[in-house]
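Student: this one's structure only:
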RNA sequence: GCGAAAGUGGCGGAAUUGGCAGACGCGCUGGACUUAGGAUCCAGUAGGUUCACUCCUGUAGGGGUUCGAGUCCCCUCUUUCGCACCA
């Protein structure tokens, strides 16, 4: 049998949709707006199966919302700056702009071949000056508001290549290109003060529907801790060392202080004591260790005593200062007051180096003895050895000790976040230049607005230089200082590509604005994004950065509202042979091949049917054929019964005149529509919506001979067939339009309205009750819908098999679950 | 290591609020048909047991709550994602 002519159909409808500009979203409309957005792709050159899957979901939502009567915008663009393009250029001796633009052109063709309703008039590509111009502008606004600063931090560095390496470019501690050892080098970097927004970023009350797990992950990522910052005076010095602790109740038990080797004081001591090779060697070693391993509980704790002491302000104790591998500079103040008796890591360390311990929190029966402790006591308890706080409950003491410390001026109550400020500097070429100028006289000066954008120079030979390529373009690098007019140099760092992707969704609302990032009125109309779709891997970084930018733009008055993404759908990956598809593994599937061979509709239906959107799907060639066969069956059904359908559409059915089979078909049409609406509109579970349509199709095709049907029956038959294109439209739009037109409807499906069902056709003539005895099914009962509980109970007890299992038992309880079951609990009668 | 999830037939999955486990599809088995097609149509398909009805077992493993648990609670195992310069 011939396959349905999917190629002709898909080409035909893609042309019609384009000509009628259906995907073009209108700014300001009488209809309510709906903004559907899938995370934009990195333009690798070809659409892969993951893209097809992701965008099929977005397109299904887009079409559903159009049927529902919304003014829908579904834009698309490219996250086109970044390392892969630069690396490709290095190895293939080309230029990132050339390869990137070629890739974009190719992907555009593939997008169109899938038949997505994308508003290409709003296309954004982050590597184009009309976009990155406004990224620089936003950077400047942040700088003006004091949210940008510079700070030294350690970066992966290859001495051989004289360059910073991304984490991905470090392979087991070595440079991926030359293989030499990667070290940590301190460099001056640009930072965004995202921690200023930490508290607000913890608040998710303004989003409408986000997966709970993403919210939890972000909250944990931000990691709020309440405690105190307390200053310990350095002995024989004016210097104070601030520490942060969440356990001020243990402060009388401090027996040493732990500093990370990166701590500024340690670095200062290293300079002062150039002869202390033991400390220097230790610091060098630890700084180059993997931070993940350092923070692991199982890593062997190591340290070096500095020979210095500080003073515990509360009791005047002299406290040894150690440099250790298990404390990180990134959290709190870096310095940790170590209480070995009540912190496991401090305990391990103190045991190893023979540092004294002191119990300051006793358990309830006061049985803790320092010589017998095998592990730290970390639970709350009663205060001990803590001067005037003795015998207090430790939880109460926490707050009282902080108040005492504040009163004495030794420190203050404080909150620390695990979240760190966002380092945005990249020493790379293919990114958005940071619009700053270094002037020997005036210091660091922003590029004036009228000189924006700072164009990324094109005549750069990537790969010819090892350090930042921008240093090798003197005509770009050397500028006049905008303040004093003297000789100055541009900043050569470019921005993290996450900066580009933190506001692109706002640019889509006004993609071609030459005077500002976007017109606030248009942004106000379209934002927030009603439905955002993307991978779970972005839970903590991209999604957090975008929320931060949104709140910042709100504070500038550019936009209203607090959250960029009202609803979030985190979709799963398409796997093959249990692993993520990748070129290196050789387990890729080319969506273009599938489209050419079986059509975009088949691919879309397969991807949406394979699993609910948020789960991973295992690619399966044979299951793909199942989707293809399904569409063929639909096509054959409608094409083969066209006359009967067209005739039936002219009649209204009288239910009483229907045969039992047609009554069932009527029920199926309405039942299926109800299920479909619930799955599509409420649950966003398209796999079961498609399953419902398949089930309905099975019911329709069960009727073989339409010539025997009466006019009433033909009406039911025609309706049953007629709803199929509508139900299929969000998933397989081309074939749906074709069949819809074939049946004689003139409007296109996006304006056909949502299919609806009538409750009156869903009333069941009888209900089957399941009868359980002690939790096991022992019988069934067919009754009228409104049978009362007493009748149900007595009828249930009459069922033969039920009686068999009740023999010799005494009935303790009978539970009736309306419309579902009768459950009998019985016990042996002694 | 830390944080977050997931685990159901041969496979993808369904079971929406604690109420008939396995919808729908793939695969497989048997049959029909034939223009021999990546066809189509019909029947069957969790495992065990039985001629059959029935019954027993079964949702990673172990324990618990309940008349009733894939679903709730505790423990264990495995897999996946993220961990701040991949995007």
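Tutor: All right, it came through fine. Treat the numbers as computed from the prediction; the structure is a model and nothing was measured. Numbering: from 1, shown residues only, chains lettered A, B, ... in the order given.

Student: which stretches of the stretch 351-500 of chain A form strands?
Tutor: Under the criterion DSSP state E, counting those that start in this stretch, the stretch 351-500 of chain A carries strands at the ranges A:361-362, A:382-383, A:411-417, A:422-423, A:425-426, A:432-433, A:436-439, A:443-446, A:478-480, A:487-490, A:494-495.

Student: Columns mean neighbour count on top of these, output as CSV?
Tutor: Placement of C-beta: from N, CA and C, glycine included. Listed next are the strands of the stretch 351-500 of chain A as CSV, based on neighbours: other Cβ atoms under 10 Å:
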stretch, mean neighbour count
strand A:361-362, 22
strand A:382-383, 21
strand A:411-417, 17
strand A:422-423, 18
strand A:425-426, 24
strand A:432-433, 26
strand A:436-439, 19
strand A:443-446, 15
strand A:478-480, 13
strand A:487-490, 18
strand A:494-495, 24
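
Student: Throw the ones you listed into CSV and include mean pLDDT, thanks.
Tutor: As requested, the strands of the stretch 351-500 of chain A are exported to CSV (pLDDT from 0 to 100):
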stretch, mean pLDDT
strand A:361-362, 92
strand A:382-383, 93
strand A:411-417, 95
strand A:422-423, 96
strand A:425-426, 95
strand A:432-433, 98
strand A:436-439, 98
strand A:443-446, 97
strand A:478-480, 97
strand A:487-490, 97
strand A:494-495, 97
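
Student: Not counting sequence-adjacent ones, nearest residue to the closest residue to RNA strand B within the stretch 501-650 of chain A?
Tutor: The nearest approach of the stretch 501-650 of chain A to RNA strand B comes at residue A:626, 2.6 Å away (Cβ to the nearest atom of the strand). Spatial nearest neighbour of residue A:626, chain neighbours left out: residue A:606 (7.6 Å); criterion: Cβ to Cβ, 6 or more residues apart in numbering.

Student: Residues of the stretch 151-300 of chain A that sit close to RNA strand B?
Tutor: Counting by Cβ under 7 Å from any atom of the strand, the residues of the stretch 151-300 of chain A close to RNA strand B are A:155-156, A:164-168, A:187, A:189, A:212-213, A:216-217, A:220-221, A:223, A:291-292, A:295-298.

Student: So which of those residues sit within helices?
Tutor: Among these, the subset assigned to helices under DSSP state H consists of A:212-213, A:216-217, A:220-221, A:291-292.

Student: wait, doesn't the residue nearest to residue A:626 sit right on residue A:630?
Tutor: No - judged on Cβ atoms under 8 Å, residue A:606 makes no contact with residue A:630 at a distance of 9.3 Å.

Student: Comparing those two, which residue is more hemmed in?
Tutor: Taking other Cβ atoms under 10 Å, residue A:606 and residue A:630 do not tie; residue A:606 has more neighbours (28 against 21).

Student: State whether the more buried one is indeed within a helix.
Tutor: Yes - membership of residue A:606 in a helix is supported by DSSP: H, G, I helix; E, B strand; the rest coil.

Student: For it, give its distance to residue A:628.
Tutor: Look at residue A:606 and residue A:628: by Cβ to Cβ, to the nearest Å, they are 8 Å apart.

Student: Give me the residues contacting stretch A:661-681.
Tutor: Stretch A:661-681 is contacted from outside by A:60, A:64, A:68, A:653, A:655, A:658, A:685-686, A:688-689, A:692-693, A:695-696, A:699-700, A:702-703, A:709, A:712-713, A:716-717, A:719-720, A:723, A:727, A:730, A:754-758, A:761-762, using Cβ atoms under 8 Å, 6 or more residues apart in numbering.

Student: cool, and stretch A:463-475?
Tutor: Stretch A:463-475 has contacts (Cβ under 8 Å, 6+ apart) with A:89-91, A:93, A:161-163, A:427-429, A:433, A:457, A:459-462, A:476-477, A:490, A:492-494.

Student: Residue A:373: which of the strands of the stretch 351-500 of chain A is closest?
Tutor: Checking these against residue A:373 by Cβ to Cβ gives strand A:361-362 as the closest, at 11.9 Å.

Student: Please name every helix or strand in contact with the closest one.
Tutor: Other helices and strands packing on strand A:361-362, by 3 or more Cβ pairs under 8 Å, 6 or more residues apart in numbering; DSSP states H and E, are strand A:382-383.

Student: which residues touch the strand it packs on?
Tutor: Defining contact as Cβ under 8 Å, 6+ apart, one finds that strand A:382-383 is touched by A:249, A:360-364, A:366, A:389-394, A:397.

Student: among those, who's most crowded?
Tutor: residue A:249 (28 neighbours).

Student: Would you mark the buried spots in the helix or strand containing residue A:109?
Tutor: Secondary structure from DSSP states H and E places residue A:109 in helix A:96-114. Across helix A:96-114, burial judged by 16 or more other Cβ atoms under 10 Å covers A:96-97, A:99-101, A:103-104, A:106-108, A:110-111, A:113-114.

Student: Now look at it and say if it contacts RNA strand B.
Tutor: No - using Cβ under 7 Å from any atom of the strand, helix A:96-114 never reaches RNA strand B; the gap is at least 11.2 Å.

Student: just checking, next helix/strand downstream of that helix?
Tutor: Next element after helix A:96-114 (DSSP H and E): strand A:124-125.

Student: And that following strand, how far out from the chain middle?
Tutor: Offset of strand A:124-125 from its chain centre (Cα atoms, centre = their mean, to the nearest Å): 21 Å.

Student: That strand near RNA strand B at all?
Tutor: No - for a cut-off given as Cβ under 7 Å from any atom of the strand, strand A:124-125 has no contacts with RNA strand B; the smallest distance is 11.7 Å.

Student: What's the mean pLDDT across that strand?
Tutor: Computed over strand A:124-125, the mean pLDDT rounds to 98.
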